[in-house]
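Trainee: Turn this into a model:
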Amino acid sequence: MDLTFSERESAFRDELCSWLEQNKPGAPPGEGVGEDANYAWRREWQRRLYEGGWAAPSWPVEYGGRGSSLSESAIYFEELSRARVPLPANVLGLLLGGPTLMVWGTPEQKERYLTPILSAEEIWCQGFSEPDAGSDLAALKTKAVKDGNQWVVSGQKVWTSGAHYSKWCMLVARTDPGAPKHKGLTYFLMDMEQDAVQVRPLRQITGEAEFNELFIDEARIPDENVVGGVGNGWKVALTTLMNERAGLGFVFQVRLRQMLDDVFAAAAERGLLENHLYADKLADLHIRCESIRLLAWKGLTDIERYGQPGPEGSLVKWLWSDTNQHLTQLAAQMIGPQALACENPWSYELLRARGNTIEGGTTEVLKNIVAERVLGLPRLKVAG
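Mentor: Predicted coordinates for the structure are as follows:
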């Protein structure tokens, strides 16, 4: 694994940094203006990225990207984080929906959906998890029944990030209840703007409601919105999930490094760098951050070698979520009660970190994936 940038990669990085310097999105609307205003600010930022050709540089040129290499894509995410600019509003469409369509979509689907994803004209969400099928996707119960040239869908989804702003949902539903649970699934693109789809926000401990429940009561999905073929939903969904963990790995690791730098600064201000207890904890966090950074780059190498993201992305997400919780807890210990004040940014980070080990795959499930698919350990057998 060679982490030295080539001449082309260095030029890519310089061009991106120059563009970001000249096109900063400006300050966010701030507190008290509501979530809609903040989301509109991020959506406008994505439109600016799109107009500048930077919404999704890793996408092929024919789909509106730059055809950037995997290393350049990693540089892109690192520099977005270093510039402390927000991620595009349609991040699920850019990282999950678009790449999935490029693998499994028909020419008509690619022509119809990819450009509105890039421009943030149409926002996407991911309808996988259910109340009784969180990390075990194959246990889902949402059903789709064929009716002429349409499918009638009923069921419930949960933890659907951004559903209240979304036009399209990457929905997995059961189309063959008699088949083995992994083989009776189909991947759909569901129009969220129909009365049969009700979105109910879930308020988090931070006060936000970025997650949602979906209640689907005989929603209609036309045949042309099936992705990858009827009954092939499990394979299509795996493509989405692997892109989810691989694509965000670089954002995670740079953001974590920035937060650790802020913790070091807070420790220095309080004269705690010479305290051996805090010094040990800071050293441990530094080692964790470097390990996650190198694992993210190793995942990139594996994609270049094998052609697709591998299960190692689960390891990056698991270690990042655990480390972020340790980091925010240490910051609160150093700062003291002031860290819990509403105006202190660490109060938000501390509370938000509680969800890290649940979203994007629970830590328990990720550990099983790493054990079975990375380390080759035998599958866990539960005594019945």
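Trainee: what residue ranges in the stretch 201-350 of the chain score low on pLDDT?
Mentor: The model of the stretch 201-350 of the chain has pLDDT under 70 over residues 244-249, 304, 306-312.
Trainee: Show me where it has its strands.
Mentor: Ranges of strands in the stretch 201-350 of the chain, per DSSP state E, counting those that start in this stretch, are 211-222, 226-227.
Trainee: closest to residue 278 out of those strands?
Mentor: strand 211-222 (34.1 Å; C-beta to C-beta). (Glycine included, C-beta is placed from N, CA and C.)
Trainee: Show me what the closest one is packed against.
Mentor: strand 150-157, strand 185-191, strand 197-202 (3 or more C-beta pairs under 8 Å, 6 or more residues apart in numbering; DSSP states H and E).
Trainee: please redo it, this time with the cut-off set to 10 Å
Mentor: Strand 211-222 sits against strand 124-127, strand 143-147, strand 150-157, strand 168-174, strand 185-191, strand 197-202, with contacts defined as 3 or more C-beta pairs under 10 Å, 6 or more residues apart in numbering; DSSP states H and E.
Trainee: buried stuff in that strand?
Mentor: If you call a residue buried by 16 or more other C-beta atoms under 10 Å, then strand 211-222 has these buried ones: 211, 212, 213, 214, 215, 216, 219, 221.
Trainee: right, and the pair among those with maximum separation?
Mentor: Maximum distance among the buried residues of strand 211-222 (C-beta to C-beta): 23.0 Å, for 211 and 221.
Trainee: list the contacts for residue 174?
Mentor: 138-145, 153, 155, 181, 184-186, 233 (C-beta atoms under 10 Å, 6 or more residues apart in numbering).
Trainee: Check residue 146 too.
Mentor: By C-beta under 10 Å, 6+ apart, the residues touching residue 146 are 152, 175, 223, 230.
Trainee: Quick one, which of those are buried?
Mentor: Counted by 16+ other C-beta under 10 Å, the contacts of residue 146 give 152, 175, 230 as buried.
Trainee: The helix of greatest length in the chain versus strand 168-174: what angle between them?
Mentor: Counting by DSSP state H, the longest helix found in the chain is helix 233-269. For helix 233-269 against strand 168-174, the angle by axes from the mean of the first three to the mean of the last three C-alpha atoms, to 10 degrees is 130 degrees.
Trainee: Tell me how far residue 170 lies from residue 262.
Mentor: Residue 170 is 35 Å from residue 262, where distance means C-beta to C-beta, to the nearest Å.
Trainee: what about those two, which has more around it?
Mentor: Per other C-beta atoms under 10 Å, whichever of residue 170 and residue 262 has more neighbours is residue 170, with 25 against 15.
Trainee: Find the nearest non-adjacent residue to residue 189, please.
Mentor: residue 225 (4.2 Å; C-beta to C-beta, 6 or more residues apart in numbering).
Trainee: show me where this structure has helices.
Mentor: Under DSSP H, the chain gives helices at 7-22, 35-51, 70-82, 91-92, 98-104, 107-119, 233-269, 276-306, 312-335, 345-352, 363-369.
Trainee: before we move on, back to that, can I get the helices and strands packed on strand 211-222 in JSON lines with distance to residue 334?
Mentor: Shown next, in JSON lines, are these (distance: least, C-beta to C-beta, whole Å):
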{"stretch": "strand 124-127", "distance to residue 334": "36"}
{"stretch": "strand 143-147", "distance to residue 334": "51"}
{"stretch": "strand 150-157", "distance to residue 334": "40"}
{"stretch": "strand 168-174", "distance to residue 334": "41"}
{"stretch": "strand 185-191", "distance to residue 334": "46"}
{"stretch": "strand 197-202", "distance to residue 334": "31"}
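Trainee: what residue of this structure is the furthest out?
Mentor: Centroid-distance maximum for the chain: residue 274 at 37.6 Å, with C-alpha atoms, centre = their mean.
Trainee: which ones are touching it?
Mentor: Residue 274 neighbours (C-beta under 10 Å, 6+ apart): 267, 268.
Trainee: re earlier: what subset of the contacts of residue 174 is buried?
Mentor: The buried subset of those - by 16+ other C-beta under 10 Å - is 138, 140, 142, 143, 144, 153, 155, 181, 184, 185, 186, 233.
Trainee: got those as TSV, with distance to residue 4 columns?
Mentor: Output for the buried ones among the contacts of residue 174, formatted as TSV (distance: C-beta to C-beta, whole Å):
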residue	distance to residue 4
138	42
140	45
142	48
143	52
144	50
153	50
155	50
181	46
184	48
185	43
186	45
233	41
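Trainee: Lowest pLDDT pick from those residues?
Mentor: Of all those, residue 138 has the smallest pLDDT value, namely 82.
Trainee: Now do the contacts for that residue.
Mentor: Contacts of residue 138 by C-beta under 10 Å, 6+ apart are 172, 174, 180, 181, 182, 183, 184, 185, 233, 234, 237.
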